[in-house]
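J.: here is a sequence with its predicted model. Questions after.
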Amino acid sequence: MLRRLYDWIMRLSESPKALWALFLVSFAESSFFPIPPDPMLVPMVLANRRRAFTFAAVCTVASVLGGIVGYYIGYALEDLGIWILSLYGENDGMAKFHAWYAEWGLWIILVKGLTPIPYKFVTILSGIANFDLKVFIAASVVTRGARFFLVAALLYFFGEPIRAFIEKRLTLVTTLFVLLVVGGFVALKYLF
């Protein structure tokens, strides 16, 4: 099944729907969806390396726009934001996070945007904390852009060896990726 999913994403990366699918996943992940865009971005770049930076740009724009929606959820629909965060078991640390935001808001956005900790926590909590929206958007552009363009650049320059490694060890790579995402959730739980 994993091989079929991988092959499907590789085919999708060359279809006219590829950018829209990548955009939607990147957008949704920043506000409510649990899966980051990396499972689509990586194979799409590997299948079509000449478009690596286009894919990174789509992820960045969609992620920032989705982040604005996440910010709005926290700012104007706080109960919904708290409910979304509680789905991930993160309602206990909100008071501590809110206090940290008062002092370290910009740095929290910059650091969390680069880590495997789900970005939706940052976006929703930024809205709840009423963090400056312009600074939030600027920091999101920097941090999300850095993350997606770094992935795209690494795959662009070292794509074939990485692609061969992934295709030979697909189960191992997928398992490591899942552990990284779960590790992000665990880190979030114990940091806050």
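T.: Alright, I've got the coordinates.
J.: tell me the buried residues in the helix or strand encompassing Pro161?
T.: Assessed by DSSP states H and E, Pro161 sits inside helix 133-168. For helix 133-168, burial by neighbour count (16 or more other CB atoms under 10 Å) applies to 136-137, 139-145, 147-149, 151-152, 155-156, 159, 162-163, 166. Using the backbone N, CA and C atoms, a C-beta is placed for each residue, glycine as well.
J.: and stretch 57-68, by the same measure?
T.: 57-68.
J.: what residues does it touch?
T.: Contacts to stretch 57-68, defined as CB atoms under 8 Å, 6 or more residues apart in numbering, come from residues 19, 22-31, 37, 41, 119, 122-123, 133, 136-137, 140-141, 144-145, 148-149.
J.: quick one: pLDDT of Met40?
T.: If you check Met40, the pLDDT there is 81.
J.: quick one: name whatever helix or strand follows whichever strand or helix holds it.
T.: In the assignment (DSSP H and E), Met40 maps to helix 38-47. Later in the chain than helix 38-47, the nearest helix or strand by DSSP H and E is helix 52-76.
J.: show the subsequent helix or strand relative to that following helix.
T.: Using DSSP H and E, the first helix or strand after helix 52-76 is helix 78-87.
J.: tell me the average confidence for that next one?
T.: For helix 78-87, the mean pLDDT works out to 83.
J.: repeat that for stretch 142-152.
T.: Here the average pLDDT along stretch 142-152 is 86.
J.: okay, that stretch in CSV with CA atoms only?
T.: Once non-C-alpha atoms are left out, stretch 142-152 reads as follows in CSV (Å, rounded to 0.1, in the frame of the first residue of the first chain):
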residue,chain,number,x,y,z
VAL,A,142,10.7,33.9,6.7
THR,A,143,10.4,30.7,8.7
ARG,A,144,8.1,28.7,6.4
GLY,A,145,10.0,29.9,3.4
ALA,A,146,13.3,28.9,4.9
ARG,A,147,11.9,25.5,5.8
PHE,A,148,10.3,24.6,2.4
PHE,A,149,13.1,26.2,0.3
LEU,A,150,15.8,24.3,2.3
VAL,A,151,14.0,21.0,1.7
ALA,A,152,13.6,21.9,-2.0
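J.: quick one on the thing from earlier: between the buried residues of stretch 57-68, which is closest to Ile82?
T.: Among the buried residues of stretch 57-68, Gly67 lies closest to Ile82 (CB to CB), at 17.7 Å.
J.: what score does that closest one have for pLDDT?
T.: 95.
J.: lovely, talk soon.
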